[in-house]
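Colleague: test case, fold it:
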Amino acid sequence: MICQPELVEGGHYRDLKLYNPSFMKYIVPALIICCITATSCKVKQKQFLTTLAIEDSVATNGQMDTAALVLKNRVESEQSQNITVTANYKTRQIIIQSAVLDKDWIKSHLLKRGALIFYETYSIYDLLNSLQEADKLVASKINTGKTDSVVNPLFTVFNVVQPYQSKNGEQQSSPYIGYVTQEKIPLFKKYIELSKDVFPVDAAMFFQEQPPTKNNQRYYAIYFVKENDSKFFANNHIKEVSTELDNKHPAVRMKFDAYGQYIFKRMTTKNVNKAIAIVIDGNVLSAPNVIEPIEGGDMIISGSFEKEEVKDIANMLRSGYLPLQLSLKNMEEVKKAE
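Modeller: Take a look at the predicted model:
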């Protein structure tokens, strides 16, 4: 006989009560049947073939193999078993066999390149003369032949960031040069393209989405970064990636390998009291100001991130950089032979 406490009303136990162990001969077979049923359900899980087409005009076998490995890592972050990813060199396709994949997840996460790049930035002080020259140049081009001229066309499209006084009295500014609304981004890009010759040859433009205003207006911060040899392509030097809370906000923590630590220390040493833009696939995640050189290669990327967004960023960086541009071609269920 085996002792077992008896649960009574109110969720409390009272004196131990004896029960007959002969019931075990019914319980054990039942548990075995449940396990077999659960295993059978896993075996019978439907499988799908997701076909991805390679958009790059030239792709080596090595790049396709690397892409297949990266994709497998990303799918495994969502599903844990029965996943195969193969590269077909002849058809220039990559085939994923797994449980069905959500199409929105494929576009928003699986097919992202995941290029993590650290850039030195241009401040408003660096570019103020260029912006003023650009405004004049754009005005001369768009007002040609018109009776009603547009005054300061460039500066009417976006809001220039205002400098501020630091605690020690020095004049400083934000790492971005200004704000532009979502609907005016195409016009702003057009004006910058018309006047690109007045900007530094290595200046590249990126945007960062800001939290919506009270009236649900969408603004984007405008960054100009230095697209030259000073940038740090970090993907190949990431040793560890994890998620955590930074001042109660979701954040991504990463650690670089030895060479990445050397590059990052050199970059932060050069840019003390300046901002470094952290960019993934052309989108600025954040642009922190460097207080002092960073040694050890341990850093945190934080900002106005949602918990799920941080998880996706961490998974993308952990799985690796996708070396090819891919698109979803087809998705179909695998038909089992009778």
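
Colleague: and residue 104, that one's in a helix?
Modeller: Yes - with DSSP: H, G, I helix; E, B strand; the rest coil as the criterion, residue 104 is located in a helix.

Colleague: for the remainder of this discussion, apply numbering that starts at 557.
Modeller: Sure thing, new numbering starts at 557, so read that last one as residue 660.

Colleague: am I right that residue 753 is in a helix?
Modeller: Yes - counting by three-state DSSP, residue 753 is found in a helix.

Colleague: and it, how many residues sit next to it?
Modeller: 10 (other Cβ atoms under 10 Å). To be clear about C-beta, it is placed using only N, CA and C from the backbone, and glycine gets the same treatment.

Colleague: and the one 4 residues further on, by the same measure?
Modeller: Using other Cβ under 10 Å, the number of residues around residue 757 comes to 8.

Colleague: walk me through the domains of the protein.
Modeller: If the domains of the chain are taken from automatic domain parsing, they occupy 558-599, 604-667+879-889, 670-877, with pieces of a single domain joined by a plus sign.

Colleague: can you put these in CSV and add mean pLDDT?
Modeller: Rendered in CSV, the data for the domains of the chain read as follows (pLDDT from 0 to 100):
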stretch, mean pLDDT
domain 558-599, 46
domain 604-667+879-889, 93
domain 670-877, 90
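
Colleague: following the helix or strand residue 694 falls within, which helix or strand comes up?
Modeller: Using DSSP states H and E, the element containing residue 694 is helix 680-698. Using DSSP H and E, the helix or strand that follows helix 680-698 towards the C-terminus is helix 709-713.

Colleague: contacts for that next one, please.
Modeller: By Cβ atoms under 8 Å, 6 or more residues apart in numbering, the list of residues contacting helix 709-713 from outside reads 687, 690-691, 694-695, 698, 706, 736, 740, 743-744, 747, 751.

Colleague: now the buried members of these.
Modeller: If you count burial by 16 or more other Cβ atoms under 10 Å, the buried members of these come out as 687, 690-691, 694-695, 698, 736, 740, 744, 747, 751.

Colleague: quick check on the nearest residue to residue 825 once chain neighbours are set aside: phi, psi?
Modeller: Across the structure, with Cβ to Cβ, 6 or more residues apart in numbering as the measure, the residue nearest residue 825 apart from its sequence neighbours is residue 849 (4.1 Å). With angles defined as degrees, to the nearest 10, residue 849 sits at phi -60, psi 140.

Colleague: isn't residue 849 right up against residue 829?
Modeller: No - distance between residue 849 and residue 829: 11.5 Å, which falls outside the contact criterion (Cβ atoms under 8 Å).

Colleague: give me the more crowded residue out of the two.
Modeller: Legend: neighbour count by other Cβ under 10 Å for residue 849 and residue 829, higher for residue 849 (14 against 11).

Colleague: and the gap between that one and residue 814?
Modeller: The span separating residue 849 from residue 814 equals 16 Å under the rule Cβ to Cβ, to the nearest Å.

Colleague: which single one of the contacts of helix 709-713 is nearest to residue 866?
Modeller: Of all the contacts of helix 709-713, residue 736 has the smallest distance to residue 866: 26.0 Å, by Cβ to Cβ.

Colleague: contact partners for that closest one?
Modeller: Taking Cβ under 8 Å, 6+ apart as the contact definition, residue 736 lies against 713-715, 744, 763, 775-776, 778.

Colleague: same thing with residue 843?
Modeller: Residues near residue 843 by Cβ under 8 Å, 6+ apart: 677, 731-732, 764, 779, 831-834.

Colleague: repeat the analysis, applying 7 Å as the threshold.
Modeller: Under the criterion of Cβ atoms under 7 Å, 6 or more residues apart in numbering, the contact list for residue 843 reads 677, 731, 779, 831-834.

Colleague: picking that back up, in terms of distance to residue 809, which of the contacts of residue 736 ranks first?
Modeller: For those, with residue 809 as the reference and Cβ to Cβ as the criterion, the closest is residue 763, at 25.1 Å.

Colleague: how many neighbouring residues does the closest one have?
Modeller: Residue 763 has 20 neighbouring residues, counting by other Cβ under 10 Å.

Colleague: so who does it touch?
Modeller: Contacts of residue 763 by Cβ under 7 Å, 6+ apart are 741, 776-778, 840.

Colleague: can you list which of those are found in helices?
Modeller: When the contacts of residue 763 are checked against helices (DSSP state H), the matches are residue 741.
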